[in-house]
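Visitor: here is a sequence with its predicted model. Questions after.
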Amino acid sequence: MPVVRSSIIVVCIGLFVLASNAAHVKSYGEKKQPLAAIPSPLRMQLMERLKLLIEYQGQRKWDKMYDIVAPSTLHGISREEFVREQESIDTDPDFSTLVDFIPEASILTSKSEDSGLWMLFGCADYKKHGKLVHIKAGLSAELYSHKWFFSEISTITQVDGPEEPCQSVTRRRKHRRDRHR
């Protein structure tokens with residue numbers, strides 16, 4: 001199964017979980033703690049690795065991205081197959097390039113002693129045909145052997161519907177920096 005298709009499936013599963021846990025997710029958003037579902041000692045490493053995912057996916061560094069993509073997303077394909085698959089899908093870089101992503105909600109979907117699976121939902125900035133657009137997006141975050149792995153960051157849409165806009169990530173990130181000065 002191609003990685004993109006599995007990412008779409010992961011996001012669809014996440015949407016189902018999101019809908020069934022809407023009140024729970026809403027409480028995280030209201031408290032302005034989008035990563036509240038993730039244990040606080042794990043959040044710093046999650047954000048560091050998520051920044052790498054954003055960089056690698058946005059700059060099309062598929063070889064590096066392979067190292068932080070969840071094994072459950074890869075389905076056993078080799079690094080070479082992953083890179084080849086991404087390059088074959090990515091035929092027009094001007095069509096859509098990930099610029100940034102800010103999580104706005106997190107949901108724990110499964111957890112064991114040394115691993116866990118969370119869905120992260122938020123707003124992503126994409127460059128499409130030279131313009132910056134702000135679209136709702138999501139991904140899965142998997143903790144495995146004390147390291148974070150991810151699916152690709154994918155836009156969230158209704159079945160056969162348009163992408164849903166959201167507030168600019170870049171603008172909010174700048175506002176946050178200005179507020180803390």
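Guide: Cool, the structure landed.
Visitor: could I get the full set of helices for this protein?
Guide: 3-20, 22-30, 40-58, 62-65, 71-74, 79-89, 169-179 (DSSP state H).
Visitor: need the helix or strand of this protein with the lowest average pLDDT.
Guide: Here the helix or strand of the chain ranked lowest by mean pLDDT, DSSP states H and E is helix 22-30, holding a mean of 40.
Visitor: bridging residues for the residue lying closest to Glu104 once chain neighbours are set aside?
Guide: Distances taken as Cβ to Cβ, 6 or more residues apart in numbering put Gly122 closest to Glu104, at 4.1 Å, once the chain neighbours are dropped. The way it works is simple: take the backbone N, C-alpha and C, and place the C-beta from them, glycine included. Going by DSSP bridges, Gly122 is paired in beta bridges with Pro103, Ala137.
Visitor: ok so, going back, ok, of the helices of the chain, where does mean pLDDT dip lowest?
Guide: With a mean of 40, helix 22-30 has the lowest mean pLDDT of those.
Visitor: and Leu108, how many neighbours does it have?
Guide: 16 (other Cβ atoms under 10 Å).
Visitor: return the residues in contact with it.
Guide: Contacts for Leu108 (Cβ atoms under 8 Å, 6 or more residues apart in numbering) come out as 37-38, 116-118.
Visitor: export those residues to TSV and tack on pLDDT and distance to Glu104?
Guide: Output for the contacts of Leu108, formatted as TSV (pLDDT from 0 to 100; distance: Cβ to Cβ, whole Å):
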residue	pLDDT	distance to Glu104
Ala37	94	12
Ile38	94	13
Gly116	93	20
Leu117	96	18
Trp118	97	13
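Visitor: would you list those residues in CSV and tack on neighbour count?
Guide: What follows is those, written out as CSV (neighbours: other Cβ atoms under 10 Å):
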residue, neighbour count
Ala37, 19
Ile38, 22
Gly116, 19
Leu117, 22
Trp118, 24
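Visitor: return the closest of those with respect to Tyr66.
Guide: Leu117 (19.4 Å; Cβ to Cβ).
Visitor: Asn86 reaches Lys64, doesn't it?
Guide: Heads up, residue 86 is Gln, not Asn. No: assessed by Cβ atoms under 8 Å, Gln86 is found out of contact with Lys64, at 11.4 Å.
Visitor: between the two, which one's more packed in?
Guide: Gln86 (21 against 16).
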